[in-house]
Every structure is written in C-alpha cells, then in structure tokens.
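Visitor: Below: sequence and its predicted model.
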Amino acid sequence: MKPLHIVKELLRDFLIILASVIIIITVLRSIFDPDEAFDLITIYIIMGFSLVGTLTGIILYTPDGVSERNMRTRVILHFAALEVILIALAFVTGTVRGFLPTALFAVQIAAVYGIVRLLSWQEDKKEAEQINEKLRQLKMDDRQDG
Amino acid sequence: MLEIIDFCLKNVLILREQEEEIIIRCHEEDEEIRGMVHRLQTDTLVLLGYQNERVHRIRLRDIYYFEAVDGKVFIYCRSSVYEVKQKLYELETLCSRLSCFRASKSTVLNIAKISMVRPAFSGRFEAVLDNGERVVISRQYVPVLKNMLGL
C-alpha cells in the first residue's frame, strides 16, 4: 500500500474515532454528570488519545500478502494494543482512576472500536455488492454469447 | 445480425509455413467487436503447465488464478494445479488485457471465474470462485478490479 494512501486511511480513522469519542462522552456526561465543565484541555486529551489509538492502526498495514488467519490475529493485537495504550494514557493524565472507571473506559474503547469496524465493514459490503452486480451481468452476457 | 455476420465471414486458406491470423473489418470498434476480440484472445491464449514431469496445454479460460509460492508460480484450474515457468508479473502483464488482475502480492485472479466477492472480518475482501475456492483480494487491488469491471 502506498504511504499516502496509508496516511489518508489513518486520518479518516482518526476523525471517526475522535467524533465517536466526543459523541459518546457528551451523551454520558449529559446523563451522569451534566454539571461538569467540558474544558479545552479535555478536548486536547481526547484528541491525543484518538491520535495514539489511530497510530496503532499501522499494525494492520502489511507490505506482504498475509493469510486471513494472520490478519485476524493482527486485528486482535491491534485491539489489545489500543486498550493498553489508551488505559495507560488515561492513568498517566489522571483521567481515570480506580477499577470501575477503568473498566467503563475499557468498555468505551471496545464500543468505539466496534463502531469503526462496523462502519468500515458496511462500506466494504456496499462496494462488494457493486462488484457482484457487475460480475452477475458479465456472467449473463457470457452465457448469452456462449 | 447473425445472417449478416455469416455472410461476411471469409475463410482464406494459407500455407502451413505462414502464420495464422484473424482480421476483423468493421466500421467502428464498439462493445460487440471488443467482446468478440476478447473471446478470441481468451480462447486462444494457451500456457504450458507442468505436473509430474508432464507438460499440459492450458487455456486461459480454464485458469482460475495464478499464485506465487516460495519462488515458484502455479496455475490453479477447477481441480488441478500446474507449475508454470513464467514469473507472476509476466503473467499479470500477459493476461491483464484479458480478464485477469493482481488480487494480492502473490496472486493474479481470473475475473471470469469469480462467483462473488465479500468483505472479510480482517478488513480485506474475499473472492469466492466458481469451484468454491476462496482467494483473498487485498484492499489496494480492489480499485483495479472495479476499474476492470467498469465501475
């Protein structure tokens, strides 16, 4: 994959992750802690978390063709790395303390990860449907000609 | 339409030493003509495949995909595998104007043999071939496939 293409994909993932985190945190705060101020530093921390999280996506980019099993292992590794890095960052910045908030944070990361995977898969599904439609058409033409 | 084509067909017998050729005289190169040329090319392209010290003549239309494994290149047909002497990039060039495309770093796939394409869990695509076999299509080569299909 070309470096420019990788950068474009990483940037897209960064924006999706950032938007999802902001939406989820806004909704959760509105429900559980509506009086808490949403200061500038919080936004920067979220941006930092999203960026580091996105950079772990490099695990998924391989120069050589690898098997489906290898890729699945990479996806699991990617998810694990994401959880570890983000929870570590949250501890360092003091955003999360104690078992329950950490567990909640881990669940939030898993939810965002799931959303990104689902959106990406839906996009791929649409693309596959377009290709399949064209393949069906080609096979019908071939049958008519043959 | 068929009657006109039949009427226009001319067979000119040539000497054994002379090279055989097909000339299409037409007013314009439209989809029908291109389809005809494509069928002629795919029907006539033959590769030599080696299996148990025997050499087989394999038509492109019978080939499902090519794969490079440990420096060797193999031809995969419906239920048999042959080794081929050409490099994968040579086969890609040779067959690209027909109906084959690079699906990953190690495979060149015949579009005519793809039954369907679906997204895989890992974020890549998987092509299910007419014989039920599954071949991975890397994300970076999906635009090549789409382009060849006119999408």
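Guide: Good, I have the coordinates.

Visitor: in chain B, which spans are strands?
Guide: B:46-51, B:54-59, B:65-69, B:72-76, B:81-84, B:100-104, B:107-110, B:114-119, B:125-129, B:134-137 (DSSP state E).

Visitor: Adjacent strands (with direction) for the last one?
Guide: The one in question is strand B:134-137. Using DSSP bridges, strand B:134-137 pairs in its sheet with strand B:125-129 (antiparallel).

Visitor: and the partner strand, how far from the chain's centre?
Guide: Here the centre of strand B:125-129 is set off from its chain's centre by 16 Å, with CA atoms, centre = their mean, to the nearest Å.

Visitor: That one: which residues count as buried?
Guide: Using 16 or more other CB atoms under 10 Å in any protein chain shown as the test for burial, strand B:125-129 gives B:125-127, B:129. No exception for glycine: its C-beta is placed from N, CA and C like everyone else's.

Visitor: swap in stretch A:6-26?
Guide: Residues of stretch A:6-26 classed as buried: A:9-10, A:13-14, A:16-18, A:20-22 (neighbour count, 16+ other CB under 10 Å).

Visitor: And stretch B:106-115, by the same measure?
Guide: By neighbour count on 16+ other CB under 10 Å, the buried set for stretch B:106-115 is B:106-114.

Visitor: touching chain B at all, stretch A:103-122?
Guide: Yes - for stretch A:103-122 and chain B, the contact criterion (CB under 8 Å from any CB of the partner chain) is met by A:120-121.

Visitor: chain center to that stretch, what's the gap?
Guide: 7 Å.

Visitor: which bits of chain B sit near chain A?
Guide: B:35, B:39, B:104-107, B:111-112, B:114-126, B:136, B:138-140, B:142, B:145-146, B:149-151.

Visitor: any weak-confidence spans in chain A?
Guide: For chain A, the stretches with pLDDT under 70 are A:1-2, A:63-65, A:145-146.

Visitor: Which neighbouring elements make contact with the helix or strand hosting residue A:8?
Guide: Following DSSP states H and E, one finds residue A:8 within helix A:3-32. When contacts are defined as 3 or more CB pairs under 8 Å, 6 or more residues apart in numbering or on different chains; DSSP states H and E, helix A:3-32 sits against helix A:40-55, helix A:99-145.

Visitor: and the ones you listed as TSV, adding mean neighbour count?
Guide: Shown next, in TSV, are those (neighbours: other CB atoms under 10 Å in any protein chain shown):
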stretch	mean neighbour count
helix A:40-55	16
helix A:99-145	14
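
Visitor: CSV please, covering these and showing distance to residue B:52.
Guide: As requested, these are exported to CSV (distance: least, CB to CB, whole Å):
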stretch, distance to residue B:52
helix A:40-55, 51
helix A:99-145, 32
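
Visitor: Dig out what the residue lying closest to residue B:144 once chain neighbours are set aside forms beta bridges with.
Guide: With sequence-adjacent residues excluded and distances taken as CB to CB, 6 or more residues apart in numbering or on different chains, residue B:144 is closest to residue B:101, at 5.1 Å. Residue B:101 has these beta-bridge partners by DSSP bridges: residue B:109.

Visitor: neighbours around residue B:101, how many?
Guide: The local packing count at residue B:101 equals 21, with neighbours defined by other CB atoms under 10 Å in any protein chain shown.

Visitor: For it, give me its contacts.
Guide: The contact partners of residue B:101, by CB atoms under 8 Å, 6 or more residues apart in numbering or on different chains, come to B:92, B:108-109, B:111, B:141, B:144-145, B:148.

Visitor: No further queries at this time; thank you.
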